[in-house]
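Peer 1: need the 3D shape of this:
(chains A and B)
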Amino acid sequence: DAGVTQSPTHLIKTRGQQVTLRCSPKSGHDTVSWYQQALGQGPQFIFQYYEEEERQRGNFPDRFSGHQFPNYSSELNVNALLLGDSALYLCASSMTVNTGELFFGEGSRLTVL
Amino acid sequence: GENVEQHPSTLSVQEGDSAVIKCTYSDSASNYFPWYKQELGKRPQLIIDIRSNVGEKKDQRIAVTLNKTAKHFSLHITETQPEDSAVYFCAAPLGTQGGSEKLVFGKGTKLTVNP
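Peer 2: Next up, the predicted model:
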């Protein structure tokens, strides 16, 4: 049983560029949440997707957007990248019937130069 | 506000000693309190969680206690081993929206177990 898978694992971008990160949830999970984890910090909630809609959003600007597909996989898009966007981006999946229990992927480490 | 405070930020113990990490939360509606362990370069992994209908839960050397009145919960690790060395995060959900919850994480505690 595959867990949460994310791609790419590492990527380097320059300021102003755009990036797309991808996530496949754990089998049987229908809800995907995205977190940003800066070095030495706890994960910060970006948003959550369920039934292909953004269900909740954290304190992140509109440059951060996402999408969920019918197969429950998800994408995180960040436009107009800033140096401060450098972080580990974690995808977590869960079953809505077991609210709160998150299973994390290994993350995508984004470096913005 | 939406807040989870975690203490201490670093903790160093000798192998075999106990370790305690404490968290406080602000949302009295929170009803689920997980603890995650994150080893260097790895993803956070759930190690134990507790729901608000119980005050304590144990799983071998790990236990979590919850005080809803005071809005704090703690992780207890007994008989620590070097492989327990990692960063530990507490979390609490902010409200419910038809079953949807977003977890707010503490800033983490770096635990070092010295052989």
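
Peer 1: run the contact check for the lowest-mean-pLDDT helix or strand in chain B versus chain A.
Peer 2: In chain B, the helix or strand scored least confidently by mean pLDDT, DSSP states H and E is strand B:103-105, which has a mean of 90. Yes. Using C-beta under 8 Å from any C-beta of the partner chain, strand B:103-105 reaches chain A at B:103, B:104, B:105. Placement of C-beta: from N, CA and C, glycine included.

Peer 1: list the neighbouring strands of that strand plus their orientation.
Peer 2: strand B:86-93 (antiparallel) (DSSP bridges).

Peer 1: specify the local secondary structure of residue A:36.
Peer 2: Of the three states, residue A:36 takes strand under DSSP: H, G, I helix; E, B strand; the rest coil.

Peer 1: just for the chain, where's the confidence low?
Peer 2: By default, I'm working from chain A. Low-confidence segments of chain A, defined by pLDDT under 70, span residues A:1, A:97-100.

Peer 1: oops, wrong one, chain B.
Peer 2: B:1-2, B:95-100.

Peer 1: before we move on, back to that, quick one: which of the residues of strand B:103-105 next to chain A has the most company?
Peer 2: residue B:103 (28 neighbours; other C-beta atoms under 10 Å in any protein chain shown).

Peer 1: quick one: residues contacting that residue.
Peer 2: A:33, A:45, A:100, A:102, B:34, B:91, B:92, B:93, B:94 (C-beta atoms under 8 Å, 6 or more residues apart in numbering or on different chains).
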